[in-house]
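[1] Prediction below, plus the sequence it came from.
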Amino acid sequence: MTDVFDVLGKDHAEVKAMLEALEAGPTAAGGASPEQLEQRKRLADQVIIEESRHETAEQQYFWPAVRALGAQGEQVADQAVRQEQQAAETLDRLGRASADDQEFEKLLTGFIADAREHISFEEEHAWPLLSAALSAAQAADLGEKITKAKQSAPTRPHPHTPPDEKILKAAGPVVGAADKVRDAMSDRGTR
């Protein structure tokens, strides 16, 4: 049985691997070829897709579960959601930037540092708090909800959408479907 921590841990590991690849990859300033820059942009787009889906699902189910734990849960969730909103703004700008632009590298470098900090914060503060409060069945149920939510979640950051679980549950699948149409039309996230 896969629980919420397995689901989120797998997401975190995938994102960390992509971030490492982006850090190691050739840059425009380092003399990357047009093909290498195209590949770099595609990998950055994949990070944006995965992060958008992951954070939307967390804001629908994970953070409300953390908030339900009382004052400490509220404090942890508030800080994490602020980090996620800041990341959405950065990822929105990164998605619009070209890999041969200095702004792309600046945004990417900032996002990588912030993403690592957020993952550490979540794993060190939210996970222990929530795991102490959930039964195995509840953790499995929460993992299933997050997995399902990710399937219909937006693939692009929408930094102006409030991180409210009710709004995201209602609008997320509609926005996600529109994002997927845009992705298919532009071949985004397919390679």
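    That came in fine, so what should we check first? Numbering: from 1, shown residues only.

[2] roughly how far apart are Lys148 and Thr2?
    Applying C-beta to C-beta, to the nearest Å, the value for Lys148 to Thr2 is 12 Å. Quick note: C-beta positions are derived from backbone N, CA and C, even for glycine.

[3] now do Leu19
    With C-beta to C-beta as the criterion, Leu19 and Thr2 are 23 Å apart.

[4] So if I had to pick from those two, which one is more boxed in?
    Neighbours were counted for Leu19 and for Thr2 using other C-beta atoms under 10 Å; Leu19 has more, 20 against 13.

[5] give me the element that one is part of.
    Assigned by DSSP states H and E, Leu19 falls within helix 4-24.

[6] Would you tell me what the next helix or strand after that helix is?
    helix 34-57.

[7] tell me which residues in stretch 176-189 are buried?
    Gly176, Asp179, Lys180, Asp183, Arg188, Gly189 (16 or more other C-beta atoms under 10 Å).

[8] between these, which is closest to Arg156?
    Using C-beta to C-beta, Asp179 comes nearest to Arg156 of the buried residues of stretch 176-189, at 4.8 Å.

[9] Excluding covalently adjacent residues, which one is nearest to that closest one?
    The shortest distance from Asp179 to any non-neighbouring residue, by C-beta to C-beta, 6 or more residues apart in numbering, is to Thr155 (4.3 Å).

[10] thought the one you found was touching Gln46?
    No: at 9.9 Å, Thr155 does not count as touching Gln46 under the criterion of C-beta atoms under 8 Å.

[11] overlap in contacts of those two?
    Gly189 (C-beta atoms under 8 Å, 6 or more residues apart in numbering).

[12] Can you classify the residue nearest to Asp179 by secondary structure?
    coil (DSSP: H, G, I helix; E, B strand; the rest coil).

[13] low pLDDT regions in the chain?
    1, 190-191 (pLDDT under 70).

[14] which element follows the longest helix belonging to the chain toward the C-terminus?
    When the chain is scanned for its longest helix (criterion: DSSP state H), the result is helix 71-96. As assigned by DSSP H and E, the chain's next helix or strand after helix 71-96 is helix 102-121.

[15] And for that following helix, what's in contact with it?
    Here helix 102-121 has contacts from 12, 15-16, 19, 22-23, 27-29, 41, 44, 47, 51, 79-80, 83-84, 86-87, 90-91, 93-94, 97-98, using C-beta under 8 Å, 6+ apart.
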